[in-house]
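coords please:
(one chain, ligands or ions: 2)
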Amino acid sequence: MTQIFDNPADFADEALDGFVAANRGYVARVDGGVVRSTEVPAGQVALVVGGGSGHYPAFAGLVGPGLAAGSACGNMFASPAAGQVYRVAKAANAGGGVLLSYGNYAGDVLHFGQAQLRLNAEGIETRTVLVTDDIASAPLDEIEKRRGIAGDLTVFKVAGAAAEAGLDLDAVERLAIRTNYRTRSLGVAFDGCTLPGADAPLFHVPAGQMSLGLGIHGEPGISEHPMPTASELAELLVSRLLADKPDDAGNRVVAIVNGLGTVKYDELFLLFGKIEKLLTAAGLTVVEPECGELVTSLDMSGLSLTLLWLDDELEQFWAAPADTPAFRKGNLAPRASRELAGPEDAVAGEAENTTPAAAGLGRLAAAVLAQVQGVVVEHEEELGNLDAIAGDGDHGIGMRRGVDAASAAAQETSAAGASVERVLTAAGEAWSERAGGTSGALWGSAVIAAGLALGNKDSYRGEDAAAAVTAFVDAITELGKAEPGDKTMVDALLPFRDAFLTAFDGGTPVRGALASASAAAQEAAETTASLRPLKGRARPLAEKSLGHPDPGAVSFGLIAARISNYLDSELIDSDLTDSPLAASAAGNGAHA
Ligand code: ADP
Ligand code: MG
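Ligands and ions are numbered 1, 2, ... in the order given. Predicted coordinates:
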């Protein structure tokens with residue numbers, strides 16, 4: 001049981017506050033997670049790690065010299081929102097670029113991916129290396145689909161040491177990729193874990209049984225076994241990992257026995273002793289091993305074995321010193337502490353200069369978002385029902401939560417005189433932070449991308465609208481990686497973009513181009529009824545979905561139509577008729 005809390009909803013936040021209070025010499029709290037509280041040499045690559053809370057010392061416990069520069073900390077077992085990752089990375093950046101590294105889970109991929117797009121768009125060069133060490137989660141020929149467990153530590157450690165040594169972003173990324181490629185883990189569970197406030201564990205393992213390969217959040221394992229002896233368990237873990245070793249494996253390995261929460265250290269040590277003998281008997285030399293709690297799952301009863309096959313370069317970085325709250329190795333000179341902007345400052349960001357005209361356009365952007373909110377509210381139930389056919393039924397409520405937050409953020413920023421850029425980036429961030437779900441991360445990212453493409457200007461031309469449409473669509477395809485025909489919103493987005501650009505390039509003013517594009521999107525959304533879903537949560541129930549359109553494509557079509565109608569009827573009479581966009585929208589000329 002997880003027993004110590006006031007309000008279960010505040011558990012992750014309050015635990016993080018207390019962790020910082022206990023480790024001020026190492027970490028400082030920023031909005032979304034923690035960063036080092038000590039000086040970071042200028043130009044050093046910032047390794048930013050993260051994921052759900054409940055896995056301590058992963059991830060906040062690994063922040064310090066020689067390891068991570070920051071950690072984005074989500075709710076219990078839930079990915080941090082894109083905005084959190086973005087803010088932590090921004091605070092951690094020391095001018096050498098950012099490497100995002102985290103375990104391969106769908107929610108984390110979307111949110112960290114969205115943050116990466118935004119950081120890159122702002123000129124902070126950002127890369128990603130996913131940790132995919134868990135051999136139980138996919139076969140070797142699909143290694144990129146494996147999820148990340150205790151192998152997080154080897155990848156973070158090597159990347160962090162390489163950053164500390166002053167290597168550039170390319171080199172740190174390359175070493176992290178190589179470490180991940182040479183790391184394998186396998187876990188076993190003896191019993192489940194209980195989220196704060198829950199009265200039953202997330203999952204159970206029958207008494208006297210052991211589940212092999214069960215994921216750290218209760219994802220299904222690969223087999224059930226009667227509880228083995230320690231020697232049998234050591235033999236099982238070692239033999240499975242050795243059978244999965246990388247092509248170019250040498251004979252020097254790091255071995256990590258990791259406790260998942262409630263297995264005592266004495267038991268872990270007992271097992272480690274047996275594992276070390278087996279590895280040695282297999283002709284391997286065990287180098288600087290670890291045995292203890294490194295990536296946990298609340299009070300889960302279970303453990304894992306990780307092996308990293310070293311080469312000379314990886315060994316150098318694995319053995320390099322590190323000094324963090326939960327992981328220390330060798331000696332590092334003490335670091336001076338540094339001043340950090342308070343959380344408020346981090347949210348507010350740099351001051352923005354807007355002219356009255358730019359602020360007027362910011363208000364127009366907020367008015368458009370209010371329209372989007374209106375159409376989502378009208379269709380909330382229908383979208384939920386559509387998603388319930390083959391998905392999880394939350395598309396209506398997810399879109400509603402996202403757009404309510406986005407519209408509120410847009411009203412607030414535009415009332416304060418913000419530009420289109422600021423209004424849309426605030427709206428997109430609020431959208432992804434509040435919506436949850438796949439579509440929330442994608443919509444949030446797309447709205448931010450459109451805002452960055454439009455920028456802070458006094459007037460917009462047709463070209464700006466074309467750039468915003470393109471940026472909106474690109475953000476979704478880059479982040480979600482869905483292909484045409486996968487039965488997702490992309491099947492409505494691409495026809496929308498193509499129709500817009502074709503009409504616009506042919507001399508049609510923005511309003512007309514938008515009208516053709518939204519008609520194309522609605523038609524394409526209906527046509528998705530004949531497709532089988534190949535991406536997203538509806539995939540396992542593909543057959544059921546046949547004959548029904550994709551919910552995300554339908555909601556996009558509805559929203560595109562509403563925006564088009566709104567701009568068509570309102571723009572001429574608005575106070576913006578002098579801007580080139582308004583002029584072209586009024587039909588006074590093509591894209592001059
Ligand atoms: P979730 O799938 O997390 O429950 P929603 O129900 O809100 O989120 O959204 C479902 C919609 O998200 C789908 O109908 C589809 O249009 C869209 N979607 C899912 N995965 C992708 C992806 N990889 N790329 C683009 N769109 C996607
Ligand atoms: Mg859904």
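
For the protein, which residues are neighbours of ligand 2?
By the rule CB under 5 Å from the ion, the part of the chain lying against ligand 2 is 387, 391-392, 394-395. From N, CA and C alone the C-beta is placed, and that goes for glycine too.

and which of those is nearest Ala336?
Checking these against Ala336 by CB to CB gives Asp394 as the nearest, at 48.0 Å.

Tell me how many other residues crowd the closest one.
Neighbour count of Asp394, defined by other CB atoms under 10 Å: 22.

which helices and strands sit right next to the helix or strand where Val172 lies?
Assigned by DSSP states H and E, Val172 belongs to helix 169-181. Helix 169-181 sits against strand 98-103, strand 126-131, helix 152-164, helix 312-319, with contacts defined as 3 or more CB pairs under 8 Å, 6 or more residues apart in numbering; DSSP states H and E.

Can you tell me which of the residues of the chain next to ligand 2 are buried?
Among the residues of the chain next to ligand 2, the ones that count as buried by 16 or more other CB atoms under 10 Å are 387, 391, 394-395.

Among these, show me the least confident.
Among those, Gly391 carries the lowest pLDDT, at 83.

right, and it touches Asp550 too?
No. Assessed by CB atoms under 8 Å, Gly391 is found out of contact with Asp550, at 9.1 Å.

if we can go back for a sec, farthest pair within the buried ones among the residues of the chain next to ligand 2?
Farthest pair in these (CB to CB) is Gly391 and Asp394. Separation: 7.6 Å.

Against ligand 2, how distant is the nearest residue to Tyr181 once chain neighbours are set aside?
Closest residue to Tyr181 apart from its sequence neighbours, by CB to CB, 6 or more residues apart in numbering: Pro246 at 6.1 Å. Remark: distance between Pro246 and ligand 2 (CB to the ion, to the nearest Å) = 37 Å.

who are the neighbours in contact with Ala171?
For Ala171, the contact set (CB atoms under 8 Å, 6 or more residues apart in numbering) comprises Ala162.

What pLDDT is listed against it?
Listed pLDDT for Ala171 reads 98.

I'd like the distance between it and ligand 1.
31 Å (CB to the nearest ligand atom, to the nearest Å).

before we move on, what about Gly74?
Distance from Gly74 to ligand 1, by CB to the nearest ligand atom: 15 Å.

where's that residue, which helix or strand?
Remark: Gly74 resides in strand 70-76, with elements defined by DSSP H and E.

After that strand, which helix or strand is next?
Of the helices and strands lying after strand 70-76 in sequence (DSSP H and E), the nearest is helix 82-92.

How about exporting that following helix as CSV, limited to the C-alpha atoms?
Only the C-alpha atoms of helix 82-92 are listed here, as CSV (Å, rounded to 0.1, in the frame of the first residue of the first chain):
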residue,chain,number,x,y,z
ALA,A,82,4.7,18.5,-23.3
GLY,A,83,4.7,21.9,-21.6
GLN,A,84,6.4,20.4,-18.5
VAL,A,85,9.1,18.8,-20.6
TYR,A,86,9.5,22.0,-22.5
ARG,A,87,9.9,24.1,-19.4
VAL,A,88,12.3,21.7,-17.7
ALA,A,89,14.4,21.5,-20.9
LYS,A,90,14.5,25.2,-21.2
ALA,A,91,15.6,25.7,-17.7
ALA,A,92,18.2,22.9,-18.0
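
Which residue ranges of the stretch 401-550 of the chain form helices?
Secondary structure of the stretch 401-550 of the chain by DSSP state H, counting those that start in this stretch: the helices cover 420-435, 437-454, 462-480, 490-505, 510-527, 542-545.

Can I get those helices in JSON lines including mean pLDDT and mean neighbour count?
Listed next are the helices of the stretch 401-550 of the chain as JSON lines, based on pLDDT from 0 to 100; neighbours: other CB atoms under 10 Å:
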{"stretch": "helix 420-435", "mean pLDDT": "93", "mean neighbour count": "28"}
{"stretch": "helix 437-454", "mean pLDDT": "93", "mean neighbour count": "27"}
{"stretch": "helix 462-480", "mean pLDDT": "95", "mean neighbour count": "20"}
{"stretch": "helix 490-505", "mean pLDDT": "97", "mean neighbour count": "21"}
{"stretch": "helix 510-527", "mean pLDDT": "96", "mean neighbour count": "22"}
{"stretch": "helix 542-545", "mean pLDDT": "79", "mean neighbour count": "15"}
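
Among the ones you listed, which comes closest to ligand 1?
Proximity to ligand 1 (CB to the nearest ligand atom) singles out helix 462-480 among those, at 2.5 Å.

Contacts (any at all) between ligand 1 and that closest one?
Yes. Residues of helix 462-480 are located near ligand 1 by CB under 6 Å from any ligand atom, namely 476, 480.

Which other helices and strands does that helix contact?
helix 106-121, helix 437-454, helix 490-505, helix 510-527, helix 580-585.

quick one: average pLDDT of the shortest one?
Averaging the model's pLDDT scores along helix 580-585 yields 46.

got it, and stretch 181-188?
98.

Inside helices: which ones of the buried ones among the residues of the chain next to ligand 2?
The helices, defined by DSSP state H, take in 387, 395 from those.

near ligand 1 too, which of the buried ones among the residues of the chain next to ligand 2?
Residues of those in contact with ligand 1 (CB under 6 Å from any ligand atom): 387, 391, 394-395.

Out of those residues, which comes closest to Ala138?
Gly391 (22.6 Å).

hmm, back to that, and the angle for whichever helix or strand comes after the helix holding Val172 with helix 312-319?
Later in the chain than helix 169-181, the nearest helix or strand by DSSP H and E is strand 183-191. Interaxial angle, strand 183-191 versus helix 312-319 (axes from the mean of the first three to the mean of the last three CA atoms, to 10 degrees): 40 degrees.
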